[in-house]
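Engineer: my questions are about this predicted structure, shown below with the sequence.
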Amino acid sequence: MSPDLSPIENLWGELKRRIDLRCCKSAQGLQRAACSEWAKLTNDRVYVQQLFDSMPVRLEAVRQAKGGFTRF
């Protein structure tokens, strides 16, 4: 259940950063930006692969922290 083990948390964070850069002025603009940035983000195979490849390191960090806070 640790968010440190969930790559989707990193995707949500990156999506938020990308949307924030778009400076949306309306709800419609926000929706368009979210859909557009999500499509770009999930098609970024390198970024998604890096998230999956980081899982062994994440698991070890959580184990070392005995379930506590990690840098992820």
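Structural biologist: Received the coordinates, thanks. Numbering: from 1, shown residues only.

Engineer: helices of this structure, start to end?
Structural biologist: Along the chain, counting by DSSP state H, helices occupy 7-22, 27-42, 45-53, 55-64.

Engineer: CSV for those, including distance to T70?
Structural biologist: C-betas here are computed from N, CA, C, even on glycine. Written out in CSV, the entries for the helices of the chain read as follows (distance: least, C-beta to C-beta, whole Å):
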stretch, distance to T70
helix 7-22, 12
helix 27-42, 23
helix 45-53, 15
helix 55-64, 4
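
Engineer: would a markdown table of those with mean pLDDT be doable?
Structural biologist: Putting those into a markdown table (pLDDT from 0 to 100) gives the following:
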| stretch | mean pLDDT |
| --- | --- |
| helix 7-22 | 91 |
| helix 27-42 | 95 |
| helix 45-53 | 91 |
| helix 55-64 | 89 |
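
Engineer: mind putting these into TSV with mean neighbour count?
Structural biologist: Putting these into TSV (neighbours: other C-beta atoms under 10 Å) gives the following:
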stretch	mean neighbour count
helix 7-22	14
helix 27-42	13
helix 45-53	11
helix 55-64	13
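
Engineer: so which of these is nearest F72?
Structural biologist: Of all the helices of the chain, it is helix 55-64 that lies closest to F72, at 5.2 Å by C-beta to C-beta.
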